[in-house]
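Novice: Pasting the sequence and the predicted coordinates here, then a few questions.
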Amino acid sequence: MNVLTVLRRIASEVPDRDALVMGSGTISFGALWERVDRTSTGLRRLGLAAGDRAIVMIPMSIDLYVALLAVLKMGAVAVFVDPWIGPRQIAAFAEPSAWLGIPKSHVLRLFSSRLRAIPLAVTTGRRLGPLPAGATLAELEAERGDGEIAAVAPDASALVTFTSGSSGEPKGANRTHRFLLAQHAALAAEFPAREGDVDMPMFPVFALNNLASGVPSVVPEMDFRHVDRVDGARVLAQMRRHGVTTCTASPPFFDRLAAELDRHTERPALRRILTGGAPVSDAQLRAWREILPGSEILVVYGSTEAEPVAHLAAGERLEAVNPHRPLTPGFCAGRPTDRLSSKIIRIHDGPVELGPRGWGDWELPPGEIGELIVSGDHVGQDYFRNPGAVRENKIVDASGVIWHRMGDTGSFDPEGRFWLAGRVHSTIRRGAVLIHPQLVEQAAQGNDSKIRRLAAVGLPDAALGERLVIVAEAESGVQEDIAARLAAAGFAADEIRVTSEPLPVDPRHNSKVDYGRLRARLSR
C-alpha cells in the first residue's frame, strides 16, 4: 500500500482545511493533493520511474512537501537532504535519477561529477535555459494530474533520511511504505490529536504525521540549522495568529520560547508540547512548567530509526526515582510503547552476533546498565546502500526479527521505565570500570547555573586505558564545586577543564554534545 493513499483520503474528507501554514503562504489539504498530483504526473512525463531515487534538497516549505510527496506518489524514492549533509555524502547514493531543489542547491552538483550527471534536475525557482536546472516545479504542475498512485510493495523504499551523525558519519535511514504507515499509527496512538487541534512541528516527520491525520501544521519561522537561535517573539506571534494548540520541538526551541514568554503575561493556548531529540534537564522542565502551567509537557524518546520509543509527562519525570542509582539516576525516558519489544544487552563495540545461546550471552537483567535495543513495525530495518552500518546497528535473532541498537546506554527500573545513562560510543573505560558519561555529567552539573554546558569524556591514558576528563563550558572558578559534587556522588575525575569556548554540538538539535569532535579538540 502506497502511503500517499492516506493523503488522498484526507484531502477528500477535509479539502478546505489548512494543511500547511508557513511564512511563504498557506495551502489546504485539497490544494496540496492537487499540486502533488500534478507534480507527480510531470515527473513521470520527464522520465522518473517507480523505484528511481530523487534527491530532495528543499528547506521546510510548501514546495518541500509538494516535491517529497509527489516522488512517493509515483513509487520513486525521495532522499531528503538536510542542510548539513555534504556533496560527498549525497553522491554516495549511487545513480540518483533526479535532483529537486532550491536554486542555490544546484550549485552543489557542480562539486561532483556524479551529481552533475543526474539526468533530471528541477528547481523551485525560475530558470534560464538549462540553468540552474532543466525544469521548474511550476512547469511540472502546468498540466493536469492523472490521479494515479503507484502500487508498491509494503517493503519498497519510500523515503531516505539522514541520522544526525552525532556518533559518527550520518547514515541514510531507509523508510519503507510499511514503516511510514506503522510510524503514523504509533504517533497517532501515543499522541492523539483532538478535533480543532493546530500543531506547530519543528520536525518534518511530525508534519508528515499531521498530513496523514488531517491536522493543520504551522511551521515555525526559523533557521532550522540553528535551533538555539530561534526568535521566540516571532514564533509566539505565529502561535497566537494561527491558534496553535500543540507544539513539537527540540529543547533549545522551548528554552527560547520560555524566555520570550517570561516577558509577557498572556500565555498561548498550548494544551500540549512534545520535546525530544536531546537530553532534557530537570531545570528546563521546571522552567517550562512554571511559564506554561496549563500545558501538558511530554518528553519523547526515540531516534531517526525508531520514533517513538517511549515518553513520559514532565511531572512524572521530575518525581521519578531510580532505586538502583538514587544519587546519579540518569534521565528517565519512560516506559517503551507496547508497539515495540525492547531489551538491554551488554555494552559492546562493534557488531553483535548471536551465538548458540541466543540472547543468553547478551541480555542483562533489570537494573543493570547496558545498551537498549528495540524491534517493531515502526523500527527501521536497514540503511540505504550501507551494509557496514547495518552490521553495526542491527541484530538478527533466531526468528529472523531485526533489532535496532539505539546506541544509548541505560537500565530498566522495577516499573519498566528506561533510564538513560549515556551513549555506547562515549562510554569511558577507565581500567576495569565502565563510566557512563550522562551519570557523571548529571552529578557534575548539579543545579549550577554558571555552567552552560558540560561533558564527561575519556582520553587515552597509558596506565588506565582512558582517563575521565570533565569539560565545563563556563566562567572560571567552578572546578572546586564540580569536584565536590562528583565526590558526593561517588565519582572522581582525573581532570576538570573549564573553557569559555562553546562545546561542539550536533547539527540537527544544537544541544547534544558531539563527543567525537570534543575528543578530537581535546587531543589537539
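Specialist: Done, it's in. Since this is a predicted model, take the numbers as computed values, not measurements. Numbers count the residues shown, from 1 in each chain.
Novice: Which parts of the protein belong to which domain?
Specialist: Following automatic domain parsing, one gets these domains for the chain: 4-152, 427-523.
Novice: Now tabulate these in TSV and tack on mean pLDDT and mean neighbour count.
Specialist: (C-beta placed from N, C-alpha, C; glycine too.) Compiled in TSV, the domains of the chain are given as follows (pLDDT from 0 to 100; neighbours: other Cβ atoms under 10 Å):
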stretch	mean pLDDT	mean neighbour count
domain 4-152	91	19
domain 427-523	91	17
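Novice: could those be laid out in a markdown table, adding distance to residue 294?
Specialist: Converted to a markdown table, these look like this (distance: least, Cβ to Cβ, whole Å):
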| stretch | distance to residue 294 |
| --- | --- |
| domain 4-152 | 23 |
| domain 427-523 | 25 |
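Novice: can you tell me which of these comes nearest to residue 371?
Specialist: Across the domains of the chain, residue 371 has its closest neighbour in domain 427-523 (9.2 Å, Cβ to Cβ).
Novice: a strand runs through residue 32, doesn't it?
Specialist: No. Judged by DSSP: H, G, I helix; E, B strand; the rest coil, residue 32 forms no part of a strand; its state is helix.
Novice: ok, now which ones touch it?
Specialist: Taking Cβ atoms under 8 Å, 6 or more residues apart in numbering, we find residue 32 in contact with 7, 11, 19-20, 62, 65-66, 69, 211.
Novice: One more: residue 440?
Specialist: 328, 456, 468, 470, 486, 491, 493.
Novice: can you list the residues you listed in CSV and add secondary structure and distance to residue 391?
Specialist: Shown next, in CSV, are the contacts of residue 440 (DSSP: H, G, I helix; E, B strand; the rest coil; distance: Cβ to Cβ, whole Å):
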residue, secondary structure, distance to residue 391
328, coil, 33
456, strand, 29
468, strand, 30
470, strand, 34
486, helix, 37
491, coil, 34
493, coil, 35
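Novice: what's the helix or strand for residue 40?
Specialist: Per DSSP states H and E, residue 40 falls inside helix 29-46.
Novice: Just the CA atoms of that helix, as CSV, please.
Specialist: Written as CSV, here are the backbone C-alpha positions of helix 29-46 (Å, rounded to 0.1, in the frame of the first residue of the first chain):
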residue,chain,number,x,y,z
PHE,A,29,-5.4,19.6,2.0
GLY,A,30,-7.3,19.7,-1.3
ALA,A,31,-4.9,22.1,-2.9
LEU,A,32,-1.9,20.2,-1.6
TRP,A,33,-3.2,17.0,-3.1
GLU,A,34,-3.8,18.8,-6.5
ARG,A,35,-0.3,20.1,-6.6
VAL,A,36,1.2,16.7,-5.6
ASP,A,37,-0.8,15.0,-8.3
ARG,A,38,0.2,17.5,-11.0
THR,A,39,3.9,17.4,-9.9
SER,A,40,4.0,13.6,-9.8
THR,A,41,2.5,13.4,-13.3
GLY,A,42,5.0,15.9,-14.5
LEU,A,43,7.9,13.9,-13.1
ARG,A,44,6.7,10.8,-14.7
ARG,A,45,6.4,12.6,-18.0
LEU,A,46,10.0,13.7,-17.8
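Novice: after it comes which helix or strand?
Specialist: Helices and strands here follow DSSP H and E; after helix 29-46, the next one along the chain is strand 53-57.
Novice: Go ahead and name everything in contact with that next one.
Specialist: Outside strand 53-57, the residues that touch it by Cβ under 8 Å, 6+ apart are 43, 48, 64, 67-68, 71, 76-81, 90, 93, 95-102, 105, 108, 118, 120, 160.
Novice: Looking at the domains of the chain, spot the one closest to residue 322.
Specialist: Each of those has some distance to residue 322 by Cβ to Cβ; the shortest is domain 427-523, at 10.2 Å.
Novice: can you give me how far the closest one is from the chain middle?
Specialist: Its chain's C-alpha centre and that of domain 427-523 lie 24 Å apart, by Cα atoms, centre = their mean, to the nearest Å.
Novice: For residue 476, see how far away residue 39 is.
Specialist: According to Cβ to Cβ, to the nearest Å, residue 39 and residue 476 sit 57 Å apart.
Novice: Buried residues, stretch 286-305. List them.
Specialist: Neighbour counts using 16 or more other Cβ atoms under 10 Å place 287-288, 291-292, 295, 297-305 of stretch 286-305 among the buried residues.
Novice: can you tell me which of those lies nearest to residue 204?
Specialist: residue 304 (11.2 Å).
Novice: is it true that that closest one lies in a helix?
Specialist: No. Residue 304 is assigned coil when assessed by three-state DSSP, not a helix.
Novice: Was I right to think it contacts residue 173?
Specialist: Yes. The pair residue 304 / residue 173 is scored as a contact, 4.9 Å apart, by Cβ atoms under 8 Å.
Novice: Which neighbours do these two have in common?
Specialist: Counting by Cβ under 8 Å, 6+ apart, the residues touching both residue 304 and residue 173 are 161-163, 380.
Novice: Lowest pLDDT pick from the residues you listed?
Specialist: Lowest pLDDT of those: residue 163, 75.
Novice: From what I see, that one and residue 277 are in contact.
Specialist: No. Look at residue 163 against residue 277 with Cβ under 8 Å: they stay out of range, at 11.7 Å.
Novice: More neighbours: those two, which one.
Specialist: Neighbours per residue (other Cβ atoms under 10 Å) separate residue 163 from residue 277, with residue 277 holding more: 27 against 23.
Novice: roughly how far apart are the more buried one and residue 301?
Specialist: Residue 277 sits 9 Å away from residue 301, taking Cβ to Cβ as the criterion.
Novice: Specify the local secondary structure of residue 257.
Specialist: The local conformation at residue 257, judged by three-state DSSP, is helix.
Novice: Can you tell me how far it is from residue 459?
Specialist: 37 Å.
Novice: Need the nearest residue in space to residue 301, chain neighbours excluded.
Specialist: Nearest residue to residue 301, sequence neighbours excluded (Cβ to Cβ, 6 or more residues apart in numbering): residue 333, at 3.9 Å.
Novice: in which helix or strand would I find that neighbour?
Specialist: Using DSSP H and E, residue 333 sits within strand 331-336.
Novice: contacting residues for the closest residue to residue 386 other than its chain neighbours?
Specialist: With sequence-adjacent residues excluded and distances taken as Cβ to Cβ, 6+ apart, residue 386 is closest to residue 171, at 5.8 Å. If you count contacts by Cβ under 8 Å, 6+ apart, residue 171 has them with 162-163, 165, 383, 386, 389, 393.
Novice: could I get the contacts of residue 32 as TSV with distance to residue 401 and secondary structure?
Specialist: Formatted as TSV, those follow (distance: Cβ to Cβ, whole Å; DSSP: H, G, I helix; E, B strand; the rest coil):
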residue	distance to residue 401	secondary structure
7	31	helix
11	36	helix
19	36	strand
20	37	strand
62	39	helix
65	33	helix
66	37	helix
69	31	helix
211	30	helix
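Novice: Pipe those residues into a markdown table and attach distance to residue 375 per row.
Specialist: Below are these laid out as a markdown table (distance: Cβ to Cβ, whole Å):
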| residue | distance to residue 375 |
| --- | --- |
| 7 | 28 |
| 11 | 34 |
| 19 | 33 |
| 20 | 33 |
| 62 | 36 |
| 65 | 30 |
| 66 | 34 |
| 69 | 29 |
| 211 | 27 |
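Novice: tilt between the helix or strand residue 12 falls within and helix 29-46?
Specialist: Per DSSP H and E, residue 12 falls inside helix 4-13. Here the directions of helix 4-13 and helix 29-46 differ by 140 degrees (axes from the mean of the first three to the mean of the last three Cα atoms, to 10 degrees).
Novice: helices or strands up against helix 4-13?
Specialist: Packing partners of helix 4-13 (3 or more Cβ pairs under 8 Å, 6 or more residues apart in numbering; DSSP states H and E): helix 29-46, helix 62-73, helix 204-213.
Novice: Pick the one among the shared contacts of residue 304 and residue 173 closest to residue 360.
Specialist: Residue 360 lies nearest to residue 380 out of those, by Cβ to Cβ, at 26.4 Å.
Novice: What ranges does the stretch 351-500 of the chain have for its strands?
Specialist: Along the stretch 351-500 of the chain, counting by DSSP state E, counting those that start in this stretch, strands occupy 370-376, 394-396, 402-412, 418-423, 428-430, 433-435, 451-461, 465-474, 495-499.
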